[in-house]
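Participant: need the 3D shape of this:
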Amino acid sequence: MLECKCLRLWSWWNFYTVTSFDEFTVTVDGFNESLSGIIVIPGSITYSNRKFSVTSIKSGKGANIESVQLLETVVSIGDYAFSGSSINHIEIPDNVTEIGKGAFMNCQSLESVSMSSNI
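Facilitator: Below you'll find the model as predicted:
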């Protein structure tokens, strides 16, 4: 088991924080501000030859994004995750069972949300 309790990872498009070294899970903490258009959140990332599942979105702000697609590994969207963003469409998979308060507050461009009845 890794000894570090908190590790922030970065890829050219997203920022992540490890949420569990025992279960190898991470949360998305934000997007690279240079991103635009349609964003697909990956189901996993690899760090030090270990595969970490992306299980939550803490913050989706920070980019000029039009649309977000979450893969099946994501189970929660945090409080105010996309608040005030330029998002106009999001696809929320069946595995998402929790959407935090204000997750899409002040999203002036939001036109459609595709989601299951699990929420």
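Participant: could you give the bridge partners of residue 50?
Facilitator: Taking DSSP bridges as the rule, residue 50 bridges to residue 47.
Participant: does it touch residue 23 like I think?
Facilitator: No: the criterion here is CB atoms under 8 Å, and residue 50 misses it with residue 23 at 11.4 Å. Placement of C-beta: from N, CA and C, glycine included.
Participant: can you give me the strands in the chain?
Facilitator: 8-10, 14-20, 25-31, 36-41, 44-47, 50-57, 64-70, 76-77, 89-91, 98-99, 112-114 (DSSP state E).
Participant: does anything pack onto the fourth one? Which helices or strands?
Facilitator: Counting contacts by 3 or more CB pairs under 8 Å, 6 or more residues apart in numbering; DSSP states H and E, the secondary-structure elements packed against strand 36-41 are strand 64-70.
Participant: ok, the last one next?
Facilitator: In terms of contacts (3+ CB pairs under 8 Å, 6+ apart), strand 112-114 is packed against strand 89-91.
Participant: with the third one instead?
Facilitator: With contacts taken as 3+ CB pairs under 8 Å, 6+ apart, strand 25-31 sits against strand 14-20, strand 50-57.
Participant: which pLDDT value goes with residue 83?
Facilitator: For residue 83, the pLDDT comes out at 86.
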